[in-house]
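1. Pasted the sequence and its predicted model underneath.
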Amino acid sequence: MESVITDIVKIIKSENNVIAREKALMCYFFDLIRELMKLALEEVDAGLVEETKKQGYQIEKKNKRSVVTAFGEISYWRRRYACPGKKAQYPLDKLMGYAKYKRYSVLAVKDVLQVSSVATYRNTALAVNTLSCFNISHSQVGKLSVQAGKQIKAQQQSEERYDGITQKKKAPVLYLEGDGVVIKGTKKRLEFHRYQVCEDIINLSKTRRKRVQAKEFVSLSRLDALQEIKAYLANAYDLSNTLIISNADGGAGYAKKDFDEIVGYCRQHEHFLDVFHLNKKIKDRLGFMPAMQSKLISAVEFKYDRHLTDVILDTIESNLVDELNTPENHENLRRLRSYLHRRWVDIKPFKMRHLSVIKAIGCCESNHRKYTYCVKGQGKYRSEDGAEGILRVLTCIKNKELEYWLSSEFAGGQLDIGDQEELKGAVRASLRKTHEAHLGIHHGAIESLTADHSYLDDFGRKLSQINI
C-alpha cells in the first residue's frame, strides 16, 4: 500500500497540467486494477485444481487469454483440463462467465448495449471510449448488438424458459394490444411487430400514466412475437377467471381472431378497434368531402348507431355529382362502408359494453417511440440481423430483463453445440484407445512481441503441442 501511495504522490508532483495529471492518475489506477485482477484470477485458477481433478480431469496445459471487462482489458493465464471421453474445459472461464471465443465480458456487453439503445453506433463508441477504460469501434458495437440479439432470441424461444414458474398468477383483467411498424432496411423495407400486455394503468399525473406489470414482445417476425406472448400468458397466468381486453388497428395479423389465438381459454374476451385508426380511416376515405367526416365519426364512435351510419353513407353517395362523381371517390366510399360493416362489433364503444373495469387501452402507438427513435430515427436503416438484435435489446430494457437474459446462468432448453461435441467425443473415445495424461508434463511456449502471424508465433503454437 505504501508503494502505491508513493507512486500516486510521484505522479501528482510530476505533472503541472491539471488534465494531464488526472489522465496520468487514471491510467495508473486502471493498470493497477488490471494487474490485481490478473493476479487474483490466476490465484483462483490455482484453487480450482483439486476440485477439477476430483471430476476425473487432468491438467493438459496453460493458455493465455485476454478479456475486455468493464474495468479494462485483462490478460491472464489459466489451465486447460482434459479427460478421456469428455470435452476439454477451462474451469476459470466457466466460473467467470467468459464465453468461448467471446472477447467482451457480460457486464461490458450490457453497458455497451444500454448506451446503443439511445444513441447511434458511432456515438456509442465515442461515449464508451471516452468514459470507460477500454476502446471499441462503431462496427464492433453493431456486432455486439447482433450477437446479443441472437442469444436473447434463442433463450426467449426456449421451451424451458418458464420451467421455474411454479404458480400462475390470477388477474381479474389483462389489457392486450398489438401493432406493426415499418422501418427502412438495407435491402428492402422491414416491419417489426409489437405485442404488449399489462394488468392495469394508473395515473401518475394529469398527463402521465403508468402500466402495471407491463410486458412487451417485439420481433421482425409476427409469428415469433405472437408465439412468445402466447407462451407467456399460458405459463404465467391462470386466465380461467380473467377478463381480456384487447385493442388493435384491425390490420393483417391484428384482428380479433389473432388475439383469440393468443389468449386461448379465458372468462371473457372483449376486442376493440383502435379509435385513432378508426378516425384516420374515415378521414382518409372521405377526404373528398370534409364536411361529412365529423358527422360520420359521431354516428359511429359516439352514438354507435348503424342505421344512422348507413343513412350518412347513403347521403354522401347521393352527393357524388359533378366533379365529385369520380371512380376513385366511389371506390373510397365503397371500401369505407365495407370496413365499417366488417368491424362493427369491434367498434362498439367501451362505455356501451358495461364492463366492470375502467378503460386502459390505446397506449400502444405512444409506446412505439422507444423503438422507432432508435431503429429508424435520424434516417437510420438496418439489416435484418441488426434490426432484430437492437429490437430484442430494447425489449429487454423496457421489460427490465437485459441483465437476466445476458446472464450466463440461463442455459436454455435446447442442446447446444458444446453438448453435441461432448457426445461425439464420448463416442470416438469408446471406439479407440485414448491417451492417458500424466502429471508433471510441461509444455513449451514462446511469447513474442511481434505482430500476429509471425514466424515466432507459428513456431510457439507448434511448440506448445509438443511434450518436453
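-> Thanks, I have it. Every value quoted in this text rests on a predicted model; they were computed, and no experiment measured them. Numbers count the residues shown, from 1 in each chain.

2. residues in contact with the nearest residue to His271 once chain neighbours are set aside?
-> Spatial nearest neighbour of His271, excluding adjacent residues (Cβ to Cβ, 6 or more residues apart in numbering): Lys256 at 4.1 Å. Placement of C-beta: from N, CA and C, glycine included. Contact analysis of Lys256 by Cβ atoms under 8 Å, 6 or more residues apart in numbering lists 246, 271, 346.

3. And the pLDDT for the first one?
-> Taken from the predicted model, the pLDDT recorded for Ser246 is 92.

4. Over to the last one?
-> Predicted confidence (pLDDT) for Asp346: 92.

5. heads up, I number from 22, so please use that
-> Okay, residue one is now 22; in that scheme the one you just asked about reads as Asp367.

6. Doesn't Gly271 lie inside a helix?
-> No - counting by DSSP: H, G, I helix; E, B strand; the rest coil, Gly271 falls outside a helix, being coil.

7. In contact with it, which residues are there?
-> Counting by Cβ under 8 Å, 6+ apart, Gly271 touches 294-295, 298, 364, 367.

8. One more pass at 7 Å, please.
-> The neighbourhood of Gly271, defined by Cβ atoms under 7 Å, 6 or more residues apart in numbering, consists of 294, 298, 364, 367.

9. and the gap between Leu62 and Tyr49?
-> 21 Å (Cβ to Cβ, to the nearest Å).

10. hey, which helix is longest across the chain?
-> Looking across the chain with DSSP state H, the single longest helix is helix 39-68.

11. Quick one: mean pLDDT over that one.
-> Helix 39-68 comes out at a mean pLDDT of 90.

12. now for it, which elements pack on it?
-> helix 23-35, strand 93-104, helix 112-117 (3 or more Cβ pairs under 7 Å, 6 or more residues apart in numbering; DSSP states H and E).

13. same thing but 10 Å
-> helix 23-35, strand 79-90, strand 93-104, helix 112-117 (3 or more Cβ pairs under 10 Å, 6 or more residues apart in numbering; DSSP states H and E).

14. okay, the ones you listed in JSON lines with mean neighbour count, distance to Val130 and mean pLDDT next?
-> What follows is those, written out as JSON lines (neighbours: other Cβ atoms under 10 Å; distance: least, Cβ to Cβ, whole Å; pLDDT from 0 to 100):
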{"stretch": "helix 23-35", "mean neighbour count": "11", "distance to Val130": "31", "mean pLDDT": "87"}
{"stretch": "strand 79-90", "mean neighbour count": "16", "distance to Val130": "9", "mean pLDDT": "92"}
{"stretch": "strand 93-104", "mean neighbour count": "18", "distance to Val130": "14", "mean pLDDT": "92"}
{"stretch": "helix 112-117", "mean neighbour count": "18", "distance to Val130": "14", "mean pLDDT": "91"}
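
15. now the ones you listed in CSV, with distance to Arg143?
-> Shown next, in CSV, are the helices and strands packed on helix 39-68 (distance: least, Cβ to Cβ, whole Å):
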stretch, distance to Arg143
helix 23-35, 33
strand 79-90, 19
strand 93-104, 22
helix 112-117, 30
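
16. for the ones you listed, which one sits closest to Pro348?
-> Closest approach to Pro348 among those (Cβ to Cβ): strand 79-90, 64.4 Å.

17. nearest to Lys209, of the helices and strands packed on helix 39-68?
-> strand 79-90 (35.0 Å).

18. now that closest one against strand 93-104, angle please.
-> 160 degrees (axes from the mean of the first three to the mean of the last three Cα atoms, to 10 degrees).

19. And strand 79-90, how far out from the chain middle?
-> Centroid separation for strand 79-90 versus its chain: 30 Å, with Cα atoms, centre = their mean, to the nearest Å.

20. could you give the angle of it to helix 39-68?
-> Using the same axes, to 10 degrees: strand 79-90 against helix 39-68 is 160 degrees.

21. contacting residues for Ala41?
-> Ser35 (Cβ atoms under 10 Å, 6 or more residues apart in numbering).

22. if I look at the residue nearest the centre of the chain, how far off is Gly407?
-> Central residue of the chain (Cα atoms, centre = their mean): Arg413, 2.2 Å from the mean position. From Arg413 over to Gly407 the distance is 11 Å, taken as Cβ to Cβ.

23. joint contacts of those two?
-> Shared contacts of Arg413 and Gly407, counting by Cβ under 10 Å, 6+ apart, come down to 166-167, 170.

24. which of the residues you listed has the most neighbours?
-> Ser166 (27 neighbours; other Cβ atoms under 10 Å).

25. Going by secondary structure, that residue is in what exactly?
-> helix 159-177 (DSSP states H and E).

26. CA-only coordinates of that helix, as CSV, when you get a sec.
-> The C-alpha coordinates for helix 159-177 follow below in CSV (Å, rounded to 0.1, in the frame of the first residue of the first chain):
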residue,chain,number,x,y,z
HIS,A,159,-18.7,1.5,-34.0
SER,A,160,-18.7,-1.6,-36.2
GLN,A,161,-17.9,-3.7,-33.1
VAL,A,162,-20.9,-2.1,-31.3
GLY,A,163,-23.1,-3.3,-34.2
LYS,A,164,-21.7,-6.8,-34.0
LEU,A,165,-22.3,-7.0,-30.2
SER,A,166,-25.9,-5.9,-30.8
VAL,A,167,-26.4,-8.6,-33.4
GLN,A,168,-24.8,-11.3,-31.3
ALA,A,169,-26.7,-10.3,-28.2
GLY,A,170,-30.0,-10.2,-30.1
LYS,A,171,-29.4,-13.8,-31.4
GLN,A,172,-28.6,-15.0,-27.9
ILE,A,173,-31.6,-13.3,-26.3
LYS,A,174,-33.9,-14.6,-29.1
ALA,A,175,-32.7,-18.2,-28.7
GLN,A,176,-33.2,-18.1,-25.0
GLN,A,177,-36.6,-16.4,-25.1
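
27. Tell me the gap between that helix and the middle of its chain.
-> That offset, for helix 159-177, works out to 8 Å (Cα atoms, centre = their mean).

28. tilt between that helix and strand 79-90?
-> Going by the same axes, to 10 degrees, helix 159-177 makes 120 degrees with strand 79-90.

29. Name the residue in Leu62 and Tyr49 with the higher neighbour count.
-> Leu62 (22 against 15).
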